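Engineer: show me how the following folds:
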Amino acid sequence: MGTYTTAFNYATGTGTNNLFSFTTDASANGTGSLVNIQTGTSSTVSPLRVRAGSTEALTVNSSGNVGIGTTGPGAKLEVA
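Structural biologist: Residues are numbered from 1 along each chain as shown. Take a look at the predicted model:
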């Protein structure tokens, strides 16, 4: 299995529309998730990282720790 990288650059467009929008209606039900981000059991890859430019906003590491303002949270929630 190979490694695939997809780059997407939203360089054009100055409107007020969202680049991505995940929505459901009031009749949706079930036990699933609207968005599921999951890594392999022994993976060391962080499943989620959000940055604003070069500023770290939110990180969820492979241990499930959540960091705000840090890429290396050492507790369930770490705010820097």
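Engineer: going forward, measure contacts and count neighbours with C-alpha atoms only.
Structural biologist: Noted.
Engineer: and residue 78, bridged to which residues?
Structural biologist: With DSSP bridges applied, residue 78 shows beta-bridge pairing to residue 67.
Engineer: secondary structure class for the closest residue to residue 62 other than its chain neighbours?
Structural biologist: In space, not counting the residues next to it along the chain, residue 62 is nearest to residue 46; the distance is 5.0 Å by CA to CA, 6 or more residues apart in numbering. Secondary structure of residue 46, reduced to three states by DSSP: H, G, I helix; E, B strand; the rest coil: coil.
Engineer: close enough to count as contact, residue 46 and residue 65?
Structural biologist: No: the pair residue 46 and residue 65 fails to qualify as a contact (CA atoms under 8 Å) at a distance of 9.9 Å.
Engineer: please pull out the lowest mean pLDDT helix or strand from this structure.
Structural biologist: For the chain, the helix or strand with the lowest mean confidence is strand 48-52, at a mean of 91 (criterion: mean pLDDT, DSSP states H and E).
Engineer: that one packs against which elements?
Structural biologist: Judged by 3 or more CA pairs under 8 Å, 6 or more residues apart in numbering; DSSP states H and E, strand 48-52 is in contact with strand 55-60.
Engineer: change it to 10 Å
Structural biologist: Using 3 or more CA pairs under 10 Å, 6 or more residues apart in numbering; DSSP states H and E as the contact criterion, the secondary-structure elements in contact with strand 48-52 are strand 55-60, strand 66-68.
Engineer: pick out the residue nearest the middle of this structure.
Structural biologist: The centroid of the chain falls nearest to residue 48 when counting by CA atoms, centre = their mean (3.6 Å).
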